[in-house]
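Undergrad: Sequence first, predicted coordinates after that:
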Amino acid sequence: MSDGRYESPNKDKEPKVSNMSVANSNVVVVGGGIVSASIAWHLSSETNVTIIAEDIRGVATPNSFAWLNAASSDKKFYYDFRLRSLEHWREIEKAVENLPIHWGGTMSWDKSPEELEEEQKNLTDWGYDVIRVDKTEISKREPHIEEIKLPEWGLGYDQEGALEAEKAAELLINLAKDNGVKVLETKVTGFTKTDGHISGVTLSSGETIPADYVVVAAGLGSVSLLALQNIPLLLKSTAGLLVNTKPTLKKLINGVINAPKLHIHQTLDRALLFSLSYAGRDLGDNPEKTARELFTKLQSSVVSGDELEFSHYTIGYRVLLEDGLLILGETGLDGLSVAMMHSGVMNGALVGKLLSR
């Protein structure tokens, strides 16, 4: 990407940061979500890192459904990228004690039978762990879903899971701090340049933080920041509402359920996370009302659902790139890189690894 164009990863070219010999360099990471946390954690053992964000833990990260899967793409090169990130989350889990991650697999029947058959064929050809499961098997795996909500058959993905993204970001940042990473909770308002090379960032206070390299991974906040350097990001955003229940006395959901009007998983502390669609929807003029309606749908979908207690809802604004993929690597301005994507939780593991090289 040395010509300054933004490209999605493909089978012939891996995203990289131009001339980024990070050892003993000063790197500023702009953003406080899971992608920034992963980048900083990966970098922290070999370079000097400063994380700068108004909100450590990020804006989108706390509102993410946080499903870990590679099956969501029908593009082979992007599937490969997601699969590598899925596998790297397992490597991170081995290296990071108490990473809030759960590998319970996925039960999916969110498409027509014809689409599910095509998906199974493609993923099987690609080597993904996918099997066809009938209603009896789905009920066996997820016994607390009301039978009336179950299909005649669906797909099972045993290698998938979910991450508690906000807690994971906080944990990775704290581990990075243990390695000497500095954290500044403030706003980056611009960049400084020396001989055409990015040499630091300017804060809202007017203070300048010097840097050999700057990585912008601030979600939607990246747009206005990079626009200051005439670097356009072609994207839009949609709102996504996520309902949280209070923790249940027993475990109700074993993995991730991806079904029509039923996207659900359970956290390690046994709270249920539920959305009508993890991809976002029209929230209307009254999100509180929408959240309560979604909670009612959840209650009707779970055995003994009337025992569930509403806790709260969150609204997140998701990045939707023009090609549905990601923007990663060089910007064309020496010393400045960007990491921006819709599936930040899913891709964050590999993005951190790649941008630390």
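TA: Yep, that arrived.
Undergrad: mind checking how far residue 76 is from residue 89?
TA: Taking C-beta to C-beta, to the nearest Å as the measure, residue 76 and residue 89 are separated by 20 Å. Using the backbone N, CA and C atoms, a C-beta is placed for each residue, glycine as well.
Undergrad: Can you give the strand pairings for the helix or strand harbouring residue 316, parallel or anti for each?
TA: Using DSSP states H and E, residue 316 maps to strand 310-321. Neighbouring strands of strand 310-321 in its sheet, by DSSP bridges, are strand 235-245 (antiparallel).
Undergrad: any idea of the mean pLDDT for whatever helix or strand comes next after the partner strand?
TA: Where DSSP H and E defines the elements, the next helix or strand beyond strand 235-245 is strand 256-259. Strand 256-259 shows a mean pLDDT of 96.
Undergrad: who touches whichever helix or strand comes after strand 256-259?
TA: For strand 256-259, the following helix or strand on the C-terminal side (DSSP H and E) is strand 262-266. With contact meaning C-beta atoms under 8 Å, 6 or more residues apart in numbering, strand 262-266 is reached by 65, 67, 102, 104, 149, 162, 248, 251-257, 272-278, 297-298, 301.
Undergrad: Tell me the strands beside strand 262-266, with direction?
TA: For strand 262-266, pairing defined by DSSP bridges yields strand 256-259 (antiparallel), strand 272-275 (antiparallel).
Undergrad: so which of those gets nearest residue 53?
TA: Each of the strands paired with strand 262-266 has some distance to residue 53 by C-beta to C-beta; the shortest is strand 272-275, at 23.6 Å.
Undergrad: helices and strands around the helix or strand just after the closest one, which ones?
TA: Downstream of strand 272-275, the first helix or strand assigned by DSSP H and E is helix 287-301. Helix 287-301 sits against strand 235-245, strand 262-266, strand 272-275, strand 310-321, with contacts defined as 3 or more C-beta pairs under 8 Å, 6 or more residues apart in numbering; DSSP states H and E.
Undergrad: Serialize those strands to JSON lines and add fields for mean neighbour count and mean pLDDT.
TA: Output for the helices and strands packed on helix 287-301, formatted as JSON lines (neighbours: other C-beta atoms under 10 Å; pLDDT from 0 to 100):
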{"stretch": "strand 235-245", "mean neighbour count": "19", "mean pLDDT": "87"}
{"stretch": "strand 262-266", "mean neighbour count": "22", "mean pLDDT": "93"}
{"stretch": "strand 272-275", "mean neighbour count": "25", "mean pLDDT": "94"}
{"stretch": "strand 310-321", "mean neighbour count": "17", "mean pLDDT": "87"}
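Undergrad: So which of these is nearest residue 219?
TA: The nearest among those, by C-beta to C-beta, is strand 310-321 at 6.0 Å.
Undergrad: can I get the CA coordinates of the helix or strand following the closest one in PDB?
TA: The helix or strand immediately downstream of strand 310-321 is strand 326-330, counting by DSSP H and E. Output in PDB follows, covering the C-alpha atoms of strand 326-330 (Å, rounded to 0.1, in the frame of the first residue of the first chain):
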ATOM      1  CA  LEU A 326     -11.500  -3.300   6.700                       C
ATOM      2  CA  ILE A 327      -8.900  -0.500   6.300                       C
ATOM      3  CA  LEU A 328      -5.600  -1.500   7.600                       C
ATOM      4  CA  GLY A 329      -2.000  -0.300   7.300                       C
ATOM      5  CA  GLU A 330      -0.400   2.700   5.600                       C
END
